[in-house]
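A.B. asks: Test case, fold it:
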Amino acid sequence: MNSQMTASNSDKNNDKNSEITKSKKSRAKPVSKSIKADLVFPVGRIHRHLKRGRYASQIRTTAAVYLTAVLEYLCAEVLELAGNAARDHKRIRIIPRHLQLAIRNDEELNMLLKSVTIAQGGVLPHIHRELLSKKDGFANNDEIQNAQ
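C.D. replies: Numbering: from 1, shown residues only. Predicted coordinates:
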């Protein structure tokens, strides 16, 4: 009789275990919005900030995905140009000066970020044409008049 009870108990346990494993197997692993959109930046966090910002009564997920993609593209563009500036100066690490040079030398990024001040960025090197030394063949007007 004990053998029958243990057999029936084991059948019940097997049924419970099979139900648990079935429910675990049937559930899909959660996939983040960033992975679905094939982005590195966090779509969920941007969506949360858009909702908390009270820009509109409702924010669609597609709006958050689009904004995240734009931010990721802009960051990649700035970092690529800053990396090129760092390499031109034979440096491995990007410093604020490299960011400044990258942004100010690119026409579109400069227009977008014209009102942004980058701390420790310095200024763009520029010497006005009139301040450059004149070549030997060119003299100023006073020297020409005195020679005549």
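
A.B. asks: Give me the next element, helix or strand, following the biggest helix by length in the chain.
C.D. replies: Ranked by number of residues, the top helix in the chain under DSSP state H is helix 61-88. Using DSSP states H and E, the next helix or strand after helix 61-88 towards the C-terminus is helix 96-105.

A.B. asks: returning to what we had before: so what does the longest helix of the chain touch, helix or strand wise?
C.D. replies: Judged by 3 or more CB pairs under 8 Å, 6 or more residues apart in numbering; DSSP states H and E, the packing partners of helix 61-88 are helix 33-36, helix 43-52, helix 96-105, helix 107-112. (Each C-beta comes from the backbone N, C-alpha and C, glycine too.)

A.B. asks: Would you mark the buried spots in the second one?
C.D. replies: Judged by neighbour count (16 or more other CB atoms under 10 Å), helix 43-52 contains these buried residues: 43, 46-47, 50.

A.B. asks: List the residues that contact residue 119.
C.D. replies: Contact partners of residue 119, counting by CB atoms under 8 Å, 6 or more residues apart in numbering, are residue 96.

A.B. asks: Let me know the pLDDT of it.
C.D. replies: Residue 119 is assigned a predicted lDDT (pLDDT) of 97.

A.B. asks: Work out for me the element it sits within.
C.D. replies: Using DSSP H and E, residue 119 is not contained in any helix or strand.

A.B. asks: still on that earlier bit, hmm, which two among the buried residues of helix 43-52 are most spread apart?
C.D. replies: For the buried residues of helix 43-52, the farthest-apart pair by CB to CB is 43 and 50; their separation is 10.4 Å.
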